Each structure stands twice: as C-alpha cells, then as structure tokens.
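Chemist: Quick one: sequence plus predicted model below, questions after.
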Amino acid sequence: MKKNSTLNRLLVVLVFLFLYTPILLLIVFSFNAGDSSIVWKGFSLDWYGKLFNNRLIMQSVYTTLLVSFLATAIATLAGTFAAIGFYAMRRRTRNLLNTVNNIPMMNADIVTGVAMCLLFVAFFNYWNDFAAWFNTMQRFVELPMLYMGFGTLLIAHITFNIPYVILSVSPKLRQMDKNLVDAAMDLGCTWMQAFWKVILPEIKPGIVSGALTAFTMSIDDFIISYFTAGTSSSTLAMTIYGMTKKRVSPEVNAISTLLFLTVLMLLVIVNVREAKAEERKARSASLPVYGADYQPPKKSVVLAKKAATGVLVCLVIGGMLVIRHSAKAERVVNVCSWGEYIDESLIEQFEAQTGITVNYQTVSDNETLYSQLKTGGADFDVVVPSDYMVARLIAEDMLAEIDYSNVPNFDLIDQRFKNLSYDPENKYTVPYTWGTVGIIYNTTMVDEPITSWSAMFDPKYAGEVVMIRNSRDALAAGLLYLGYDVNTTDTAQIQEAYQLLADAKAQGVYQGFYMDEIFQKMEGGNAAITMYYAGDYLSMLENNPDLAFVVPEEGSNWFVDAMCILKDARNKTEAEEWINFIASTDCNLANMDYIWYASPNAEALEQYPDYYLETYEEELDPGIYEIMAAPEETLERCTLYRNLPAEILKLYNDLWTKLGI
Amino acid sequence: MKNKQAPLAIPYVIWMAIFVVAPIVMVVLYAFSTAEGSFTLSNFSAIGDYAVVFGRSFRLALIATAICLLIGYPVSYIMSREGEKFQRVAMVLIMLPMWMNFLLRTYSWISILENNGLLNQFFRSIGLIDLYNSVMGTDIQYFRMIGTSGAVVLGMVYNYLPFMILPIYSVIIKLDKSLIEAARDLGANSFNVFRRVILPLSLPGVLSGITMVFVPSVSTFAISKMLGGGTQMMLGDLIEQQFLGGAYNPQLGAAISLVMMVIVVVCMWVMNRFGEGEEQAVVL
C-alpha cells in the first residue's frame, strides 16, 4: 500500500498532541510545590510523599484496582462461556439474546447506573424489612442486613464488562472452522478436552482483547460506579468528584501520574517483546523447516503470564483479606464529610488511640448528602452537614440524640456555638467548624474596593463574575442585596431575587456557575469577583496575594457545620468516641491549620495564633485571623440559614433548574 | 454436539435477566409512578419544561459526533497505512489516556481554556489577539472559551475520540487487501478505490463508532458542569440532579431517563438499518 504524505502524518501528530496536552499538564502540576493546579510555585516531590499517607486516596485507588481486576476476571470467564453458548444456539434465540446483551453498551451510562441503583435500593428495602421481621421471629438463623457497597459496585462492573468480552470473542468463534471440534471429538476427545485444545487456542486473541477492553472500561468508569457504589466504598473517580466543595488535591495528580506511567511502562515492555518475537518469527520463517508452524511458547511470554497470574492472585487474596479484616474488625465507625475537610493524620491518631477503624467517606455538598441518605444507599454513622441541613434532618427524624456524657469535650465548645437555631436544645449536634460567606475579589481587576452584594449582579463586570453553584447561597446573595431576610418564605421576594440572578445571567455578568473550580479561577486571575467561604479564601490567598475578602455591608450568611449521628447508625458508641476525639482542642487546632476554617472550640480559637507561631515560626497576620474567625461585630451582620418549608425548598429547586437551563 | 454447548450461556442469561432487564423495568415503573407509588403520567408532562435541555443535549452531541468522525476516520485510515510498528505504538497511545481518570483530564482542560489559560497566553504571545483586535476593531484581552457550548463540545470530542478511532481502525485493518488490489488492477484510481471499496466496507466500524461517541455525549454530566460552567445544562446533569443532586425527584429522573433511552434507541435502530445488521461492532 501507499505510504502517507507528511501532511497526513501531521494530522496524526496533531491528534496526539490534542490527546496528550492535558495529561502532560496534569503530570507537570503533580510536581508543583504549591497546591494550586494553575499557579506554579516550583518543583517538589511533596505530593508524592503525602500521597502514601493519604488513606482516602490510597483506599479508593485500591478499590478501583480491585473492582476492575475482579470484574474483568469474572466477566472474561462468564463472557467467554456465554459467547460459546450463544454461538451454539439457534439464530433466532441468539439474535434476541445479543440484543439484550447489547443493552448495557447501547444505553447511556447514566441510565444504566440509575436503573441498577433503583433495583438495588428496591431489593434491599424489601430484603431488610424481611430480614428484620425474620430475625425477630426466630433466633436460630440471623439474616444480615444488606447495603450498597463493594458488592453492588462489583455486580455493576461485571454487568457492563461482559458485553465487551462477548463482542470480541464472538467473531473469533465465527471465524473458527466448525469441523475442528467435531474432528477432535471423533478422535476421542471429551468436550472439555476439545475446549482446551481446540476452541481456546482459536479464540484466545478475542479473549485477551475482550479482557483488556473490559479492564480499561472499568478503570475509566465513573458514572455507573457513582450510582451503584453506595457510600461505604468509593473509587478514585468518586473520590475526586467528592472533592468538589474544595479543590482537587494535587495528590490525585500524583497518583494518576504513577498509574499512568506504570501502564505506559507495561505496555511498552509488552510491545517491545511482541515486536521482537515477531522479528524472530519472520527470520525463522524464511528457513523451510518441517513443522515450522509450530512455535513453542516463548519463555518470556510464559514468564509474563505467570507473573500476571501471580499478581492477580495476590490482589484477589489480598482483597479478600482486607474485606475479611474489615468485616472482622470489631469496632468500626463510618464517617461522612466534605472532601479535603480534615487533617488526615487525625484519623490515624484516633485509630491508634482507640483501635476503632475509621471508614472515612466524602460527598460534595449538603444536597447530595441528603439525596444519598434518602436513596437509602448510605451506611454512615457520623455526618457533618451544615446548619440548615441539620435542621432538615432533625425535622425528618433522621438523627439520633447524642449522649453528651460520652462527649465530655463538648464542654470546650464556645457558648456562642451551642443551642443555635438549627438545634435549639442542643440534643443532636457537636459543631465542627464555622465561618462566613463573603465576596472574594481580585484587587487588580476592579477599580474600587467592593463592599456590596451589588458587585455580583453588576453588568460593569460582565464576564468577570463567577457565581457559586449552590442554590441556597446564590439566591441568598440576591435576597441580601434586595434587603430581604435570607430565610424568607415570601415567594414574591424569592422570585425577585431569582429575577435579579436571571437578568444578570442574561446580561452576561456570569462567566459561569462553579464550586471547586473557583479556586483556580481566582488564583489564576481568570475571574475578578466571586462569592465563597472565608476559609477557602485564605487558601486561595496563598497562591494569589492580590485577592481580597469582604463580608458585604448588607450582611451575609454565617454557617456552622456540625457533627451528628444518624438515627439508624450501627456504631453509635464508636460514633460518640469519634465526635469526642474531634472536638478536642488538639484536633481543632490541627484542623484549623489544615483547612483554614474556624473552630468552635473556645480554647483552640484562642490558642491558634500561638500555635501558628510555633509551627511556622512567624506571626499570624491579625487580619487573616479575623477573616478566619469573624469578630462579633461582623457576625452580628450575618444570619444562619434555617431549614425552609417543603414548598419553599421546591421553589428553590425549580428556580435553580430554570436558571441552569 | 452443538446444543450441548448452549447451556453454557444459561448463567449469563439469568444474570442478564436480573441485572440488565430488571433494572430497566424498574426505570419504567418509577417513571409511571408518583412518590407515593400510584400510577401517573405527570412525570412525562413535566418533561416539557426541559425541552431546551433535550434540544441542547442532542445538538451538542451530534456536533461532537460529527467532529469525531471527521477527525477519527482520516486518522484511522492514515494509521492503517503505516508500518506495523507505528500502528502498534499508535494504538497504545490512543488507549492510554483512558487510564488517566476522565474527571482529571477534563479538569485539566479548564486551565487550558481559561481567560488567562495556556491557550490564550499562546495566542497572545504569537500576536493573534492583537491581530484580531486590529482587524475587527475590538479591544479584547482574551478569547472567551471556557463556559461556552464550544468548550463542552471540545470536552466530548476529547473524551470520546478514541471510541471513534478504535472501531473504525479495527475494521479497516481487517479489510481483505486483495479486494483493493483487484480494484486497482481493474483500473480504479486511489480515490475510487477509497470510495467504492474501502469506505463501504468500513461502514460497520463507522456505525459503531458513531454509537459509541453519540450515546455517552448525549448523556454526559460532568463535562458540561466543568467546561460549560453550569450554563450549559445537559440531560445527564438533569438526571443526576433528580437522583443524587439537589432536586431529589427520582420519579421525574426515571421519566427523563426513559425518554432519552427511547430516543437514543430509535436513532440507533434507524441508523443501523443502513448498516450490516449482525454484531459487526468490534471495539478492539
């Protein structure tokens, strides 16, 4: 065939450039000394070091690999046999089954995910009701309660992997000479022998490529896992998605780089070997030797196969041990919080002190947490929702009362943060952090200091404003600007606030609606004005000194995120121990330093400037401390969100969706 | 001996019944019921409010699919004419990006497309922005790329291009070379060889490529959120909001899923009528 011209090759090169530029960028920023994904602060290997101490990420990498290996192994086995079975069927039956088999591939991932999620939830609800009834009826057999988790994740992965295996094995079966099997069996083979000696070698390339596709699909999948993994296990993609309230940690870049390079190396080795083998084959083929068709398996190939099998077996056994181990560990506590919202070393400290295993999971925001609790997939003991969501969970009877005699550190909490409107008698909560919402702006990109919410709607800054992607906060900005209460239930006022946002959007004021992306928008000078949380402003400031923060003159929202125990928590004692541990002064200091959110612990609040001096050997700027822990006169201008009645919540949702359209 | 093998498929047939067919039945049940569980059609009438989202999703997905085809076909064709070594490396390079988590890859695009991102800095340094300003008489500092529908399409093309290249390539590479030689011997020039022989024979690959790009594009949700800046809501976002997002209304979510599924299936069915028919869609 004709070779390609330079122009043609250029096209291919451009496509590869297109495919690899973002990846290269990710790899480069995994070596960044700072934590931004846009501001370069010099070369460092820090994130690689930190990575191995980050349990959340390592665990999710492990879950991802394990589920991919197991699903691929099972799907390859089942898919191969299914393909042989299909092949032997009558055409009509086969076509019908093939159509069904194609459904998971033809269907959008999100529909597959949603559909399986609905099935699991419905089944588990019936099962758990039945099990509860059955267990109370008799005492001999105890039926377990079932929840979404690793098992459902694995089932989902197997289900979407099998079609890929069948798809690549079937053509090989069709190409096979049908008489070969008959001949083998006529010559005395059993069917099993014929399968091993005749069928398998013929279809092997199909099996291998099917398995490879399945594995790649498993590793790359996010959407189906997101809907089927429940809350007790999460894949790497889900962990990344859970980080969307804060920034995506560069440790994720580091682990991805490592995975990427490993795969690259493996593929290079395999390819070089194959190419060499073929060269040898080509050379030997030129000599007419009797029986030259027969190639004894190459040592290297055999070795590689053995190694691969070894790795797989180790992983499976290791996985089972871990699962067994975690099932056996007597004392566990399942904690759910926001991404990047704790100093991870505290988890290890707690485990070392108490021997309780912490299963730490993250979700992206209050509404998602609520949906997960409602969907029934959740299996948490401790959650850390914000004030208004706490109120809603209390109102819907989803929280358990805390026995404060088990939480002596509750006494350390500042009186200001007790008995707040969301939990007036303080029966359900222990505050975790608090802070204010305000406007963050880039002083080099605006003419005058910003003091009012009007900046969020001002056409003067068209294309330079980033609105927060959260209905409650976004509409609050409108309500505050108009001089209304953020907790208003007057639909006309809410409509008016919505109209303000919609008009601003129509005039092109907003560059977009974002959450975590705000970090890189502001740090990189890509947007002039946004609204976000005070603590996060401080971590942006580290990467861009031009940023300023203001609590607007019209007032603002202040929030408390509080630890609560769910009503159906299975580990209530452990949950109380965890809450007590986190409420301690040392933990609060560590967290305050790590996430820049103010602590509700009176001692920690007072001691933080000294702690800072000790740790970094420099004074903490009082201005920074004041932004982190807003002084009384600022707080007086701010209001806590309250839970809104159902019809107002629906209005918020409808308006928000309308704004998004 | 043949029917002896058929039972091998039984476990999988049972598996499919439970984990492929039953979940879809669940979606249908949810779509036709209220939160209390009684029958209703109101979920479907509520979909009317989201016609814009349907329109946008299908429009952007179609554009993305067309671009993937326009890039993917020539690339597959060119690759198939290269030496074996090159082909092997190229295939690996096309598969490899899937190993870098897709959320991260998309995230990375944000910093490229930003107002002060890599691409705009590049344009500025080569004087493209000044040139544009002097020609158009405008005074812009950057080209606005992030938060536009173009950025969403780019994200789709970026993520799903391999799904177009792989099937087309694997069909072209398996073409019977003697057919091409025969055509040439009979006097066809390169263009005619391509048009009369290669193109029709590679159609199954094209069809499966189109399916594999169009379906995920139309239902994507993370891409539109990250690159579209929340102003380009797609069907995926809408469905996610009903199940795990703020809006919590699984019945409406199921109804939207069902409608989307039906439209996609009909599209694919019509398209495949033009193709061969029996499972030609080979991925690798």
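Modeler: Now that the structure is in, tell me what you want to look at.
Chemist: Show me where chain B dips below the pLDDT cut-off.
Modeler: Residue ranges of chain B with pLDDT under 70: B:1-4, B:246, B:274-284.
Chemist: Report all helices and strands that the lengthiest helix in it contacts.
Modeler: In chain B, assigned by DSSP state H, the helix with the most residues is helix B:51-80. Packing partners of helix B:51-80 (3 or more CB pairs under 8 Å, 6 or more residues apart in numbering or on different chains; DSSP states H and E): helix A:6-29, helix B:84-95, helix B:149-173, helix B:199-218, helix B:235-243, helix B:250-274. C-betas here are computed from N, CA, C, even on glycine.
Chemist: swap the cut-off to 7 Å and go again
Modeler: Applying 3 or more CB pairs under 7 Å, 6 or more residues apart in numbering or on different chains; DSSP states H and E, one finds that helix B:51-80 makes contact with helix A:6-29, helix B:149-173, helix B:199-218, helix B:235-243.
Chemist: which parts of that helix are buried?
Modeler: Judged by neighbour count (16 or more other CB atoms under 10 Å in any protein chain shown), helix B:51-80 contains these buried residues: B:53-54, B:56-58, B:60-65, B:67-69, B:71-80.
Chemist: Hey, what's the angle from it to helix A:6-29? Just curious.
Modeler: Orientation check (axes from the mean of the first three to the mean of the last three CA atoms, to 10 degrees): helix B:51-80 against helix A:6-29 gives 120 degrees.
Chemist: Show me the contact partners of the helix or strand hosting residue A:499.
Modeler: Using DSSP states H and E, residue A:499 falls within helix A:491-506. By CB atoms under 7 Å, 6 or more residues apart in numbering or on different chains, the residues outside helix A:491-506 that reach it are A:457, A:474-475, A:478-479, A:481-482, A:484, A:488, A:510, A:651, A:655, A:659.
Chemist: Check stretch A:521-528 too.
Modeler: Applying CB under 7 Å, 6+ apart, the external contacts of stretch A:521-528 come out as A:36, A:38-39, A:440-442, A:445-446, A:461, A:464-466, A:511, A:514, A:530, A:540, A:543-544, A:547, B:114-116.
Chemist: Mind naming the longest strand for chain A?
Modeler: When chain A is parsed with DSSP state E, its longest strand is strand A:429-442.
Chemist: Can you name the next helix or strand after that strand?
Modeler: Next element after strand A:429-442 (DSSP H and E): strand A:465-468.
Chemist: That following strand - contacts with which helices or strands?
Modeler: Strand A:465-468 packs on strand A:510-514, strand A:529-533, going by 3+ CB pairs under 7 Å, 6+ apart.
Chemist: rank those strands by pLDDT, which is bottom?
Modeler: Note on the helices and strands packed on strand A:465-468: lowest mean pLDDT is at strand A:510-514, with a mean of 89.
Chemist: mind listing what's buried in that strand?
Modeler: Residues of strand A:510-514 classed as buried by neighbour count (16+ other CB under 10 Å): A:510, A:511, A:512, A:513, A:514.
Chemist: so the first one makes contact with residue A:463?
Modeler: No - using CB atoms under 7 Å as the test, residue A:510 is too far from residue A:463 to be in contact (8.1 Å).
Chemist: residues contacting the residue in the stretch 401-550 of chain A that chain B sits nearest to?
Modeler: Minimum separation of the stretch 401-550 of chain A from chain B (CB to the nearest CB) falls at residue A:512, amounting to 2.1 Å. Applying CB under 7 Å, 6+ apart, we find residue A:512 in contact with A:466, B:147, B:229, B:230, B:231.
Chemist: please redo it, this time with the cut-off set to 6 Å
Modeler: B:147, B:229, B:230, B:231 (CB atoms under 6 Å, 6 or more residues apart in numbering or on different chains).
Chemist: a helix runs through the second one, doesn't it?
Modeler: No - with DSSP: H, G, I helix; E, B strand; the rest coil as the criterion, residue B:229 is assigned coil and is not in a helix.
Chemist: Report the spatially closest residue to it, excluding sequence-adjacent ones.
Modeler: Leaving aside its sequence neighbours, residue B:229 sits nearest to residue A:512 (CB to CB, 6 or more residues apart in numbering or on different chains; 2.1 Å).
Chemist: on that earlier part again, let's test this: mean pLDDT of the helix holding residue A:499, rounded?
Modeler: 95.
Chemist: tell me the strands in chain A, going along the chain?
Modeler: Counting by DSSP E, the strands of chain A are A:332-338, A:357-363, A:382-383, A:399-400, A:429-442, A:465-468, A:510-514, A:529-533, A:547-550, A:556-566, A:638-639.
Chemist: was I right about residue A:260 contacting residue B:98?
Modeler: No - here residue A:260 does not reach residue B:98: they are 10.3 Å apart, not a contact under CB atoms under 6 Å.
Chemist: In this structure residue A:194 contacts residue A:184, no?
Modeler: Yes - counting by CB under 6 Å, residue A:184 is a contact partner of residue A:194 at 4.2 Å.
Chemist: sorry, back to before: narrow the contacts of stretch A:521-528 to those that are buried.
Modeler: Buried by 16+ other CB under 10 Å: A:36, A:38-39, A:440-442, A:446, A:461, A:464-466, A:511, A:514, A:530, A:540, A:543-544, A:547, B:114-116, out of these.
Chemist: returning to that earlier point: any idea what the residue nearest to residue B:229 is bridged to?
Modeler: residue A:466 (DSSP bridges).
Chemist: In the stretch 101-250 of chain B, which residue sits nearest chain A?
Modeler: residue B:229 (2.1 Å).
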